[in-house]
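[1] sequence plus predicted model, see below.
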Amino acid sequence: MLNYSGRKGSRSLLPDLPVKNGRAEDYTTPTFGTQTPRRKVSDLGAESSQDGKSSQSQSRRRRRGSNKDRSTGRSWQPKEIQAEQLQVEAARMQAMEEAERAKAEKEAAATAAAEAQDGKSSHSLCRRRRRGSNKDRSAGRSWQPKEIQDEQLQVEAARMQAMEEAERAKAEEEAAAAAAAEAQAARIQALEEKEAAVRRALAEEAARMQREAEEAEMRPQQEAQAAALQAAKMRAIQEQEATRWPQERSQEEHGTLLTAQRKGSMSLLPEPEAEKSQPLQTSPPLQTSPQAVVSNVARARQVAQPKFARGAPQARSSKSLPPKKEASTGCESMAGKASSIHYTQPQVQARLMEEPPMLNYNGCQGSLSLLPDLPAKPQTQEVCAALDKMEAQRKDLPQDDVQEASNLSLQDWAEGHHNGDKDSRKEGHTTPTSGTQTPRTKALSEPNSDSGPETMERVFSLSALDSLLQDPEGKADLRHQLELDELEDRRPKYTSRHLNRPVVVVSSEVNPWSKTGGLAMVAGSYGYEFAMRGHRTMVVSPRYDAYDGAHYVGYAKIWLDGREHEVQFFHLYQDLGDGNGTDYIFVGHDCFRRGGLYCDPHTGKEYLDNLFRFSLLTVAALEAPLILNIRGQTFGQDVLFIANDWQTGLLPIYHLYKYRRNNTYRNSRCVFVIHNIGYQGKYRLSKFPIDSYLGLPPDAIGLLQGEDLNLGDDCMNLMSAAILASDRVLTVSPNYAAEIQSPEGGQGLHEILQQKGHQQRMAGILNGIADEWSPKTDPHIPTNYSLRNFDEGKALCKKELQRSLGLHEDPGAALIGFCGRLCYQKGVHLITQIIPWLLTYESSGVLGRVQIILMGKGDDTYANQLSDAENHNKGRVCSYVGFDPKIEHRMLAGCDFLMMPSQYEPCGLPQMYAQAYGTVPVVHETGGLKDSVSGLWHEHRDRETATGFLFCGFDENHLKERMYQALEVFHKKHDLFRQIQMNGLGKNYYWPQAIDEYERQLDWTLDSDAAVS
């Protein structure tokens, strides 16, 4: 131990210091791991020798030391810590000065006492002092009395205690500063995220403005093309008028019947003028090639044969139609039918080459389809010879080619005739049949003829929304079987008070004829379920293509965009048995016949005239119940309209301003259903004036004008207008109804939705699932199973699924599935991020023993990630970019878990399918997912009610946490996992239960007054 001056024997607690040039090396006191600059301690012996220094010089030394600290680059300290350190240093210096004075006094006293000692001479005393001084100098230390040493130790102890207290205060200050820094970092991160969102919004707005600029540049060219097309059409109409034969019916009878059919419509348009008859001219016989004969004969038969025989019902199910009989020759077959209509050769040729926009049964343009058939005219010899020649050539062709050619439309035939064997049928087009709300997937998927039974079929629509059953009678038999097979709770529990009130469903898409998502499935289910309950039901949708079995029944003239437009109505009836059936009305117009429903399939851009297209649809849907004589009578005015999403948002507006205020539809009501509030239908009011473009009165601006960040007050919002004008607003799940009334989920419409909720005119109803989604009757799974043989059936389905998809056949592995669109909203990025974590083995036995099946179509980035995951984990991961509805059925029957980490989900169907098959869903707690999945939050409390696992927070860590819990239950708590499966099997998410709630809401709507008068 060394004291401050370097002499041995001091009791200082400081460690020994190296001595250099007679002075102890400066050292730095430890600072307990912090980064605060350490204070330099000077040699105490040197300080004690400075007896005459004042406190001012000490302050100067401290300032010089502080400057030295700054010059050496030491970190900054808070002012409070510096003040405390200065106080401690001042106290230490004062104590040292007092010790020095006491030391000097004691030395003087000791010297006097030594001189006064008897027998001791001053010489000996000096000699002793010299010896002691020399001894001390030889040791490098000055001598000090014991009392001074004790005082120095006390001062040193006080200094050390003060330093410890300062260090503790500094540590607390640093902890507080660290917490403040973390909070500041969180705030900065939040600001950065908001800034990024603003930048994205600005980029989207810039892109939108650029698109609008491009559209503005293209508009003159498009208008010129449209004008040229219109001129061509006018020329074609004039040519057709020149070749039309004289009508046999008098103009007076025709006008009387037309007036009778239009009675009840509020259209103020003038009656069509009488059509003038012109003589026909003949031309040489047709010269056609054998390849074209088939389509020609089929087309001639389609044109020549009357749509309805005299006195027969005007429409019936395509299933109830008798099979067509083959005629010997074209001339004999036509001559043998008294009610048939006969055409001369120029008319047949004209109809073979192009299809006029509107034809009634007697071939006259612009007249009502309900006119009786005209009497037959005798065929000319030239026409009979031409038809006989066609029939003879047709018999020489292979029957397969004949059947294939007869299925092609005129346009397809023309393209195939000029381009060889090119198949011009549109990819993904579904040919409708007499099915109910379930589509025909055979037309959606094109399997490889060489592939085995387990090969996936690529389809071009959401597999989670595709169904495989198409026969209405089979559908009814399936429902009856389910009700009898221990499922009595699926029968209706609510009886409507207004079953005699017709229901008119209006949708921009309806399954199976047109669909892009869940809207088409729900619209098709409305048409089926309301008819099964006993309502007279009509479903109105655009005619995007030529649908088999849909017959022309009439037309209407609609004023829109400053001019008059003519739309045609095509009717298809589906007989559901027991006197129930659905009337499907397809609105025909040139604006609907394009490659896509809403966007150009080649560019992905929205059609510029979508407002015109769907305004035309809504007005046509309001005219149809008034003017169309369907199966002997019109639907009339006392109906209930169900409009769906923004495409039909103008229906409540037209219903209010054009009809109800003109004493039409006074007792009718309008219900608006929100399927996705993210798409609202916003347009510029300055570009589409409500009076000159939409034909609405000026006071309608109060409902149509909305708010938008980019458009400002120059915004027309179709969805907000529908919400305000409708008599009731429904959504597709109760939780989604609550979410859209909040500022976070309302997308700017939360205030008017809250107002609707306060009026008791808003509700959420969870969508139902089709009856075919049942493991007891599903024909697409390896074996059917129920509660009685659940374990055996589920294990077999899992084994077959693993084998067919190339996975290791491990019954103990947790098989996880995902099926949906590959996009951010579906949470695909979260799944790809946790795949390596799921497949990594660890000591607890929870992770690692996992297999994953991913199937979907969408963003190429996510598609590549799925492919990489499979390539790096063969036998454990199966990724398929595309959709196969059969594989989806097998996935739900064979998987142990179904992941749905969607960012938002208004309703969702796969999670309900999964529970029906005993597959446990792992979902994000949002929208309809929260309504349909009961989470296992507490193992004992929720054991009897849990049907799956829910996680809160749309991020990777929250999904990992819930997946770990699910896998732990699967691997280590088998009884609990099986109980969750049984809970899911006991749930009832089928449509009859959902329709019960719809019927209740419709009764309340019809019993209440109109929301807006």
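    Received the coordinates, thanks. Residues are numbered from 1 along each chain as shown.

[2] what comes up buried for the longest strand along the chain?
    Counting residues, the longest strand found in the chain (DSSP state E) is strand 563-577. Neighbour counts using 16 or more other CB atoms under 10 Å place 565, 567-576 of strand 563-577 among the buried residues. The C-beta positions use only the backbone N, C-alpha and C, and glycine is treated the same way.

[3] now that we have those, can you turn them into a markdown table and tack on distance to Gln189 and pLDDT?
    Formatted as a markdown table, the buried residues of strand 563-577 follow (distance: CB to CB, whole Å; pLDDT from 0 to 100):
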| residue | distance to Gln189 | pLDDT |
| --- | --- | --- |
| His565 | 54 | 94 |
| Val567 | 55 | 95 |
| Gln568 | 58 | 95 |
| Phe569 | 58 | 97 |
| Phe570 | 57 | 96 |
| His571 | 60 | 96 |
| Leu572 | 57 | 95 |
| Tyr573 | 60 | 94 |
| Gln574 | 57 | 93 |
| Asp575 | 62 | 92 |
| Leu576 | 58 | 89 |
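
[4] okay, those in TSV with distance to Ala228 next?
    Formatted as TSV, the buried residues of strand 563-577 follow (distance: CB to CB, whole Å):
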residue	distance to Ala228
His565	18
Val567	23
Gln568	23
Phe569	28
Phe570	28
His571	33
Leu572	34
Tyr573	39
Gln574	41
Asp575	45
Leu576	47
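
[5] sorry, back to before: helices or strands next to the longest strand of the chain in the packing?
    helix 472-484, helix 518-533, strand 551-560, strand 580-588, helix 610-627 (3 or more CB pairs under 8 Å, 6 or more residues apart in numbering; DSSP states H and E).

[6] wait, which of the ones you listed is closest to Leu730?
    helix 518-533 (10.9 Å; CB to CB).

[7] next structured bit after that closest one?
    Sequence order places strand 537-542 as the next helix or strand after helix 518-533, per DSSP states H and E.

[8] residues making contact with that following strand?
    With contacts defined as CB atoms under 8 Å, 6 or more residues apart in numbering, strand 537-542 is touched by 502-510, 513-514, 523-524, 526-527, 530-531, 581-587, 589, 592, 597, 613, 617, 620-621, 624-625, 630, 635.

[9] how about Ser786, secondary structure?
    coil (DSSP: H, G, I helix; E, B strand; the rest coil).

[10] meant to ask about Leu730
    strand.

[11] what does the pLDDT read for it?
    Note on Leu730: pLDDT of 96.

[12] repeat that for Lys426.
    36.

[13] same check on the one 10 residues further on?
    The per-residue pLDDT reported for Thr436 equals 33.

[14] where in the chain is pLDDT low?
    Within the chain, the segments meeting pLDDT under 70 span 1-76, 115-143, 238, 240-492.

[15] try it again at 50.
    Applying pLDDT under 50 to the chain flags the ranges 1-15, 17, 19-49, 51-52, 71-72, 245-380, 382-383, 387, 391-469, 486-488.

[16] longest helix in it, please.
    In terms of residue count, the longest helix belonging to the chain (DSSP state H) is helix 146-242.

[17] so what does it touch, helix or strand wise?
    By 3+ CB pairs under 8 Å, 6+ apart, helix 146-242 packs against helix 79-116.

[18] for the helix it packs on, packing partners?
    helix 44-49, helix 55-71, helix 122-139, helix 146-242.

[19] the buried residues of strand 563-577: which two are farthest apart?
    Top of the distance list for the buried residues of strand 563-577 (CB to CB): His565 and Leu576, 33.8 Å.

[20] re earlier: can you give me the angle the longest helix of the chain makes with helix 79-116?
    Helix 146-242 runs at 170 degrees relative to helix 79-116, counting by axes from the mean of the first three to the mean of the last three CA atoms, to 10 degrees.

[21] residues near the residue nearest to Pro743 when sequence neighbours are not counted, how many?
    Leaving out its chain neighbours, the residue that sits closest to Pro743 by CB to CB, 6 or more residues apart in numbering is His750, at 5.4 Å. A count of nearby residues for His750, using other CB atoms under 10 Å, gives 18.

[22] surely His750 meets Ala737?
    No. In this structure His750 lies outside contact range of Ala737 using CB atoms under 8 Å: 11.5 Å.

[23] what comes up buried for stretch 951-965?
    951, 954, 956, 958-960, 962-965.

[24] so which of these sit within helices?
    Reading helices off those with DSSP H, I get 956, 958-960, 962-965.

[25] next, the contact list for Ile781, please.
    Counting by CB under 8 Å, 6+ apart, Ile781 has contacts 775, 797, 889-890, 893-894.

[26] oh, that last question was meant for Ile769, not what I typed.
    909, 912-913, 916, 989-991.

[27] that one pairs with what?
    Tyr990 (DSSP bridges).

[28] I'd like the distance between it and Tyr584.
    22 Å (CB to CB, to the nearest Å).

[29] measure Ala201 to Arg211 for me?
    15 Å.

[30] one more: Arg92?
    76 Å.

[31] more crowded one of the two?
    Set Arg92 next to Arg211 and count neighbours by other CB under 10 Å: Arg92 wins out with 18 against 14.

[32] circling back: contacts only, for the residue nearest to Pro743.
    740-743.

[33] now with 6 Å?
    His750 is in contact with 741-743, counting by CB atoms under 6 Å, 6 or more residues apart in numbering.

[34] and the strands in the stretch 651-800 of the chain?
    With strands called from DSSP state E, counting those that start in this stretch, the stretch 651-800 of the chain shows them at 669-674, 682-684, 715-717, 728-731, 762-764.

[35] for those strands, which one sits closest to Gln221?
    Using CB to CB, the nearest of those to Gln221 is strand 682-684, at 20.9 Å.

[36] by contact count, what packs against the closest one?
    Other elements packing on strand 682-684 under the criterion 3 or more CB pairs under 6 Å, 6 or more residues apart in numbering; DSSP states H and E are strand 715-717.

[37] what's in contact with the strand it packs on?
    Under the contact criterion CB under 6 Å, 6+ apart, strand 715-717 has outside partners 680, 682-683, 685, 704, 706, 708.

[38] now do stretch 939-951
    By CB under 6 Å, 6+ apart, stretch 939-951 touches 915, 920-923, 925, 933-936, 958-959, 962, 966, 979-980, 983-984.

[39] in that stretch, what counts as buried?
    942, 946-951.

[40] need the distance between the two termini of that stretch.
    15 Å (CA to CA, to the nearest Å).

[41] what's the answer for stretch 597-609, then?
    From start residue to end residue, stretch 597-609 stretches across 12 Å - CA to CA.

[42] same thing with stretch 695-707?
    OK, stretch 695-707 end separation, CA to CA: 22 Å.

[43] repeat for stretch 897-905
    End to end - CA to CA - stretch 897-905 spans 19 Å.
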